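Asks: here are the coordinates; sequence isn't available:
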């Protein structure tokens, strides 16, 4: 009787292997559509060159056939994927044309059929590290860094909903390199693109906003020169405010910093989020439906060497930008690296990373409740072989799909796992409940497949009069059933109802039962019960 909702301790499906055997596959990316399907892309060798492949998982997690998207003959690497409101995937990657590295893309229709491959960047110089985002009109904005012969410049192009290419635009200033662009699009179809300087320790994080018609606005410098500016990331809330995060220096350690741009592009003051005295890096950012921002990062060093003191931390910024307390999410012990974060429709964050367990690297995950409280850490990948670089996306049913690559003993393969979102419990009531004398009690039965709290309220209607029932609450342990007993709010009404029942009047109880799990997930069931005299 209950629709899907996520449980307190996320229950995951068994990991499944997606890439074909026989060759190495690396660096998966994942995005989900409005039908609950996940599209996962990766790079895989074909024996000679690297090719971009994809697979779509049905809403129940069943994989469709793997598709090879890039052409043979030259290596294609580092695919990125985003999905529009019509369930079409736009995938971008970098590929050599025999002389230079070029940015290419392909669009998959809602049924998964790939369109033609398009080359986006100009010939003659190398272009690398594409990023892609989709707006509400189904237009894709793809950005990358490209050498102009002397410096790297950030460029972008927009693909219309029908796939038509608009002109390539160069967004960064000449005379100094800008690298590692990242893009997000607001509700007014305006992309915000961030980038870092190549002179990492002296340059500034910069951003530019494109109007809905694609016209670029002025370049803004967001961080102070001399403090460092590494790996900026951007996310945009429902009020069209962009939050940009990056790694900067306080003179002794790398710190996580952020700035928020108002809907009109005005920058608020820069905030330092991570604690002093420790090195922090690789921030990631996501924003919930309430305008609250969750930022995660690595602290203690994330260079890939095994270190006992490396941990994953997070902080939540309120809707007005005020930071809460920093939380450590990963367990104490060996390395934890490469955090990623995604938000669901219930304002919960799913965070994933990989961690050394003393023998192998394993994929782990934790979910933060809507109030920011972290649940237990879950280890998702199997023991026995290394697993790396997880990615996470969440669909409209609040199901998280996490993907990574893992060694199978001879090759690296792409793996994925999907969160099982069923709340394990139900509320029922008999169609008719008989009452003895003046004792009026209505019962609802709650059966729990996990630890739940149940709250019921309602009223009894006799003829044209209604009598309220007291709210009742109970905890129900996993695997148990309990009756929720609702008594009259005013005991003096029991006599009136009892007399009416004896005279043959019809009475009906209307109940609302709310089940809540340990993470605060809620589901409501409405029940109708006839009340008669025994």
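Replies: Looks like it came in fine. Here the structure is a predicted model, which means the values were calculated and not measured.

Asks: What are the boundaries of the helices in the stretch 351-500 of the chain?
Replies: For the stretch 351-500 of the chain, applying DSSP state H, counting those that start in this stretch gives helices covering 493-502.

Asks: For the residue nearest to the spatial centre of the chain, name its beta-bridge partners.
Replies: Central residue of the chain (Cα atoms, centre = their mean): residue 342, 2.0 Å from the mean position. Per DSSP bridges, the residues bridged to residue 342 are residue 350.

Asks: got it, and residue 487?
Replies: According to DSSP bridges, beta-bridge pairing links residue 487 with residue 441.

Asks: That one against residue 469, yeah?
Replies: Yes - in this structure, residue 487 is within contact of residue 469 by Cβ atoms under 8 Å, at 6.6 Å. Glycine gets a C-beta too; all of them are placed from N, C-alpha and C.

Asks: The two: which is more packed in?
Replies: Counted by other Cβ atoms under 10 Å, residue 487 and residue 469 do not tie: residue 469 has more neighbours, with 22 against 14.

Asks: Excluding chain neighbours, give the residue nearest to that one in space.
Replies: residue 486 (4.2 Å; Cβ to Cβ, 6 or more residues apart in numbering).

Asks: The one you found is in contact with residue 459, isn't it?
Replies: No - Residue 486 lies out of contact with residue 459 (Cβ under 8 Å); the separation is 9.4 Å.

Asks: So for these two, which residues contact both of them?
Replies: 469, 509 (Cβ atoms under 8 Å, 6 or more residues apart in numbering).

Asks: Could you list the residues in contact with stretch 255-270?
Replies: 186, 192, 205, 207, 209, 217, 220, 222-224, 227, 239-249, 271-274, 276, 280-281, 283, 285, 293, 295, 297, 317, 321.

Asks: Which of the residues you listed fall within strands?
Replies: Using DSSP state E, the members of the contacts of stretch 255-270 that fall within strands are 192, 207, 209, 220, 242-249, 271-272, 280-281, 283, 285, 293, 295, 297, 317.

Asks: Which of the residues you listed are buried? Put it as a ChimeraX command.
Replies: This is the ChimeraX syntax for the buried subset of the ones in strands among the contacts of stretch 255-270, where burial follows 16 or more other Cβ atoms under 10 Å:
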select :192,207,209,220,242,243,244,245,246,247,248,249,271,280,281,283,285,293,295,297,317
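
Asks: and the gap between residue 344 and residue 89?
Replies: 20 Å (Cβ to Cβ, to the nearest Å).

Asks: Same check on residue 403?
Replies: 14 Å.

Asks: out of those two, which sits in the more crowded spot?
Replies: Using other Cβ under 10 Å as the criterion, residue 403 and residue 89 rank with residue 403 on top: 28 against 25.

Asks: pretty sure the more buried one is touching residue 418, no?
Replies: No - contact between residue 403 and residue 418 fails when scored by Cβ under 8 Å: they sit 9.7 Å apart.

Asks: Now for these two: what residues contact both?
Replies: When contacts are counted by Cβ under 8 Å, 6+ apart, the set common to residue 403 and residue 418 is empty.

Asks: follow-up on the earlier one: run through the residues that contact the residue nearest to residue 469.
Replies: Counting by Cβ under 8 Å, 6+ apart, residue 486 has contacts 441-444, 456-458, 469-472, 509, 511.

Asks: what would those look like in CSV with pLDDT and distance to residue 498?
Replies: CSV is the format used below for those (pLDDT from 0 to 100; distance: Cβ to Cβ, whole Å):
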residue, pLDDT, distance to residue 498
441, 93, 12
442, 95, 14
443, 95, 17
444, 95, 21
456, 96, 22
457, 96, 22
458, 96, 18
469, 96, 15
470, 95, 17
471, 96, 22
472, 96, 20
509, 95, 14
511, 96, 20
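
Asks: Show the buried residues in the residues you listed.
Replies: Taking 16+ other Cβ under 10 Å as the criterion, what is buried in those is 441, 442, 443, 444, 456, 457, 458, 469, 472, 509, 511.

Asks: Point out the ones among the residues you listed that are inside strands.
Replies: Counting by DSSP E, the buried ones among the contacts of residue 486 contribute 441, 442, 443, 444, 456, 457, 458, 469, 472, 509, 511 to strands.

Asks: If I follow the layout properly, the fourth one ends up in contact with residue 428?
Replies: Yes - with contact defined as Cβ under 8 Å, residue 444 counts as touching residue 428 (7.1 Å).

Asks: any common contacting residues for these two?
Replies: With Cβ under 8 Å, 6+ apart, residue 444 and residue 428 have common neighbours residue 527.

Asks: any idea which helix or strand of this protein has the worst average confidence?
Replies: strand 11-12 (a mean of 63; mean pLDDT, DSSP states H and E).

Asks: Point out the other helices and strands that the helix or strand just after that one packs with.
Replies: Going down the chain from strand 11-12, the next helix or strand is strand 16-17, by DSSP states H and E. Strand 16-17 is packed against strand 412-420, with contacts defined by 3 or more Cβ pairs under 8 Å, 6 or more residues apart in numbering; DSSP states H and E.

Asks: How far off centre is the strand it packs on?
Replies: Offset of strand 412-420 from its chain centre (Cα atoms, centre = their mean, to the nearest Å): 15 Å.

Asks: Partner strands of that strand, with direction?
Replies: Sheet pairing here is set by DSSP bridges, and for strand 412-420 it gives strand 11-12 (antiparallel), strand 16-17 (antiparallel), strand 400-407 (antiparallel).

Asks: What's the separation between residue 447 and residue 484?
Replies: Applying Cβ to Cβ to residue 447 and residue 484 gives a distance of 11 Å.
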